[in-house]
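Q: Need coordinates for the following:
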Amino acid sequence: MKILGFDTNKIKNFWFPNTYLPTSGTNGQSATNHNPNNGIARIQVDRVKQDIGTWRTAIKERERVWFPQSFKMQQLYADTVLNGHVSACIARRQNLVLQKDFQFINVDSKQVDENLTKLMQKDWMSKIIKSILDAQLYGFSLIAWDKFENYELKDLRAIRRENISPDRRIIQPFFYSVSGKSWNDDDYKDWMLYTETFNEWGKSESGYGLLYNVAYYEIFLRNNMGYNADFIEKFIMPFVVAKTMKTTEDEREEMFMMLQNLASSNSALIDPNDEIEFIESKNTGTSFQSFDNFESRLEKKISKILLGHADAIDSTSGALGSNDEALIAMREIENAQIAFVENEVNKNLLPKLRNLGFIIPDNIVFKFRNDKQEQESKEEEEEINQKTVTIVKTLFDAGIEVDPKWITERTKIPVSKIQQPTATNTLKALNNMYGV
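A: Modelled structure (predicted):
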């Protein structure tokens, strides 16, 4: 039976009103546990202080010849993405794709399958696209779903990367396990989508992700902010000094506590012999500028890695002085991500959906709508046509006739010669006008 594009005879767990077809189980739940994420031990991933030493340790652990692991690298990334500039660059990078409309096209007729496109434009598809894009950042990504319900993939959950071993192709129940469930097993392969990047060094089954390069600069950026905060506290904030004639320990302690609370209370009750003085540092020079300079340089490095240009996150499109090279770089990043997602969906996701019973013909492919590219193509075509007109006019003024076939081949515009008036035609026109 086929309902709204689904083949209910193939679907392992399908639900729709008044009909429920699991092999066992009740209340619309999946009869089989298709998500090995449930077998992962609920152990908290510790947040540890990251520095260049831990950054190097992470790559050493990942590239070990025997028993390679990716735990420390993913632990490193968990702190890297907390940086405000990094998270802003990631959002800008991924929104280039996530905000675009997608469609399903028949490669034979070049026509859009409107029904299938509408059926797939759901939140679950957006989550899968987001998971695919995340693979470029972390090196790999794995997302799972438990069942079909109401013509959608349900209960989508990302598998914790600290428990994924890309080299063994398994999900580890514990950190550093060397055995576990594989997403390629028959029980899981149609219920999970694993995306990985290419390792150009050949030292792992997947790449390390863009965050590995970003983490190096983000560590310096994080430390720079800490040093800057210390500098402000030591040299920029006034140093409060109190002079008192009090001699008892309780009275002196009371005055000391009062000084500590000045920032919140902004008032003090003192004796006539007491003095409170705010001493400001006057010899800091321009050393404070080094923090801003270093921060700017580091952020530009991170922007280059994630967005292709140092000014891609800060420049304003269309504003006076905006950098066209930044816009070009963003367009290149967008096109690269589009190609990556389209390949992953067509190569890996659609076959899984077909196996689950979703009716998707083999000649149907997933593609993003690229209105910007279509507009640029039209503008380029108009520019070529305008240049052609200029050439034809220049030759005509020089007394040279251009073959209309050449103009049509170049501009795709059908043209023909204008019939020139002859003496006979002119005489006939005069006779008709004056009735001669």
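Q: Three-state assignment for Ser416, please.
A: In the three-state summary, Ser416 is assigned as coil, counting by DSSP: H, G, I helix; E, B strand; the rest coil.
Q: Count residues in the vicinity of the nearest residue to it once chain neighbours are set aside, would you?
A: Nearest residue to Ser416 in three dimensions, chain neighbours excluded: Pro404, at 5.7 Å (CB to CB, 6 or more residues apart in numbering). Heads up, the C-betas are built off the backbone N, CA and C, glycines and all. Using other CB atoms under 10 Å, Pro404 has 14 other residues around it.
Q: Surely Pro404 touches Arg410?
A: No. With contact defined as CB atoms under 8 Å, Pro404 and Arg410 do not form a contacting pair (10.8 Å).
Q: Next secondary structure element downstream of the helix or strand hosting Ala329?
A: Taking DSSP states H and E as the definition, Ala329 sits inside helix 324-344. For helix 324-344, the succeeding helix or strand toward the C-terminus, using DSSP H and E, is helix 350-356.
Q: contacting residues around Gln94?
A: When contacts are counted by CB atoms under 8 Å, 6 or more residues apart in numbering, Gln94 is found next to 130, 133, 337.
Q: So what's the gap between stretch 54-63 and the chain middle?
A: Here stretch 54-63 shows a centroid-to-chain-centroid distance of 25 Å under the convention CA atoms, centre = their mean, to the nearest Å.
Q: buried residues in that stretch?
A: Along stretch 54-63, these residues count as buried under the neighbour rule (16 or more other CB atoms under 10 Å): 54-55, 58, 61-62.
Q: likewise stretch 142-160?
A: Within stretch 142-160, the residues scored as buried using 16+ other CB under 10 Å are 142-149, 151, 153, 156, 159-160.
Q: Just the ones of those in strands?
A: Residues from the buried residues of stretch 142-160 lying in strands, with DSSP state E as the criterion: 142-144, 147-149, 153.
Q: and of these, the nearest to Leu98?
A: Proximity of those to Leu98, judged by CB to CB, is greatest for Ile143, which lies at 14.9 Å.
Q: So that closest one is in contact with Met192, correct?
A: Yes. Using CB under 8 Å as the test, Ile143 is close enough to Met192 to be in contact (6.9 Å).
Q: Any idea how many residues pack against Ile359?
A: Taking other CB under 10 Å as the criterion, the count of residues near Ile359 is 16.
Q: Pull the residues that contact the helix holding Ala329.
A: For helix 324-344, the surrounding residues in contact (CB under 8 Å, 6+ apart) are 93-94, 96-97, 100, 129, 132-133, 136, 193, 195, 307-312, 315, 317, 365-368, 370, 372.
Q: switch the cut-off to 7 Å
A: The contact list for helix 324-344, computed with CB atoms under 7 Å, 6 or more residues apart in numbering, reads 93, 96-97, 129, 132-133, 136, 195, 307-309, 311-312, 315, 317, 366-368.
Q: and Val240, helix, strand or coil?
A: Once three-state DSSP is applied, Val240 turns out strand.
Q: Helices of this protein, start to end?
A: Remark: helices assigned in the chain by DSSP state H are 52-62, 71-80, 84-98, 114-120, 123-138, 210-231, 249-260, 262-265, 289-307, 324-344, 350-356, 371-397, 404-411, 423-434.
Q: what's the closest of those to Ile105?
A: Counting by CB to CB, and looking across all of those, nearest comes helix 114-120 at 8.8 Å.
Q: So which elements touch the closest one?
A: If contacts are counted by 3 or more CB pairs under 7 Å, 6 or more residues apart in numbering; DSSP states H and E, helix 114-120 sits against strand 102-106.
Q: Could you list the buried residues of the strand it packs on?
A: Residues 102-105 are the ones in strand 102-106 that count as buried (16+ other CB under 10 Å).
Q: how big is the angle separating it from helix 123-138?
A: Direction vectors for strand 102-106 and helix 123-138, defined by axes from the mean of the first three to the mean of the last three CA atoms, to 10 degrees, enclose an angle of 100 degrees.
Q: Let's test this: mean pLDDT of strand 102-106, rounded?
A: Model confidence over strand 102-106, given as mean pLDDT, is 93.
Q: Can you give the distance of it from its chain's centre?
A: Relative to its chain's centre, strand 102-106 lies at 22 Å (CA atoms, centre = their mean).
Q: Equivalent analysis for stretch 112-132, please.
A: Once both centres are worked out by CA atoms, centre = their mean, stretch 112-132 turns out to sit 17 Å from its chain's centre.
Q: And it, end to end?
A: Its start and end residues considered, stretch 112-132 measures 23 Å (CA to CA, to the nearest Å).
Q: quick one: low-confidence parts of the stretch 201-350 of the chain?
A: When residues are selected by pLDDT under 70, those of the stretch 201-350 of the chain lie in 233-239, 262-272, 274, 276-288, 315-323.
Q: Same check on the stretch 1-150 of the chain?
A: Within the stretch 1-150 of the chain, the ranges that satisfy pLDDT under 70 run 1-38.
Q: which residue is nearest the centroid of the protein?
A: With distances taken as CA atoms, centre = their mean, Gln94 lies nearest the centre of the chain, 2.1 Å away.
Q: and Ile364, what does it touch?
A: Applying CB under 7 Å, 6+ apart, the residues near Ile364 are 104, 106, 113, 116.
Q: what do you get if the cut-off is 6 Å, keeping everything else the same?
A: When contacts are counted by CB atoms under 6 Å, 6 or more residues apart in numbering, Ile364 is found next to 104, 113.
Q: can you check Ile143 too?
A: Counting by CB under 6 Å, 6+ apart, Ile143 makes contact with 131, 158, 193.
Q: ok, these vs Leu210, which is closest?
A: Checking those against Leu210 with CB to CB, the nearest one is Ser131 at 15.6 Å.
Q: How about the closest one: what's its closest non-neighbour residue?
A: With sequence-adjacent residues excluded and distances taken as CB to CB, 6+ apart, Ser131 is closest to Ile143, at 4.1 Å.
Q: what are the bridge partners for the one you found, then?
A: Applying DSSP bridges to Ile143 gives these bridge partners: Ala158, Leu193.
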